[in-house]
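Asker: Okay, predicted coordinates and the sequence, questions at the end:
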Amino acid sequence: MKAKIWTMERCPFCVKAKKLLDFQGIDYEEIQGFHPSWKSVPYIQIDGEPVGGFTELAQFLRRN
């Protein structure tokens, strides 16, 4: 799996999302700023598919 994560400085949920990806052993590319189709950060895509924010990432990883 390969992820992309859109983040901003000092975003606690961005930090949590990156730690969760690290814990799961998922490589990711970090992009500073907002994704055009998502109004908050973090925004995560895995293998090119939209996942959503931190909460959606946690749910996705529990299911998979």
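Answerer: Yep, that arrived.

Asker: Could you use CA atoms for every contact and neighbour count after this?
Answerer: Will do.

Asker: So for the protein, the centremost residue is which one?
Answerer: Residue closest to the mean C-alpha point of the chain, counted by C-alpha atoms, centre = their mean, is residue 44 at 3.3 Å.

Asker: in the protein, which helix has the most residues?
Answerer: Longest helix in the chain by number of residues (criterion: DSSP state H): helix 12-24.

Asker: can you list the residues that contact it?
Answerer: Applying C-alpha atoms under 8 Å, 6 or more residues apart in numbering, the contact partners of helix 12-24 are 7, 8, 27, 28, 41, 42, 54, 57, 58.

Asker: Among those, which one has the most neighbours?
Answerer: Neighbour counts for the contacts of helix 12-24, by other C-alpha atoms under 10 Å, peak at residue 42, which reaches 30 neighbours.

Asker: I figured it was touching residue 10, is that so?
Answerer: No - counting by C-alpha atoms under 8 Å, residue 42 sits too far from residue 10 to count as a contact (11.3 Å).

Asker: returning to that earlier point: would you put the C-alpha positions of the longest helix of the chain in CSV?
Answerer: What follows is helix 12-24 as a C-alpha-only set of coordinates in CSV (Å, rounded to 0.1, in the frame of the first residue of the first chain):
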residue,chain,number,x,y,z
PRO,A,12,-2.8,17.2,15.8
PHE,A,13,-4.9,14.9,13.6
CYS,A,14,-2.3,15.1,10.8
VAL,A,15,0.3,13.9,13.4
LYS,A,16,-2.0,11.1,14.5
ALA,A,17,-2.7,10.0,10.9
LYS,A,18,1.0,9.9,10.1
LYS,A,19,1.7,7.9,13.2
LEU,A,20,-1.1,5.4,12.4
LEU,A,21,0.3,5.0,8.8
ASP,A,22,3.8,4.5,10.3
PHE,A,23,2.4,1.9,12.8
GLN,A,24,0.7,0.0,10.0
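
Asker: Could you identify the helix or strand that succeeds it?
Answerer: Heading C-terminal from helix 12-24, the first helix or strand you meet, by DSSP states H and E, is strand 27-32.

Asker: What is the subsequent helix or strand relative to that following strand?
Answerer: Sequence order places strand 43-46 as the next helix or strand after strand 27-32, per DSSP H and E.
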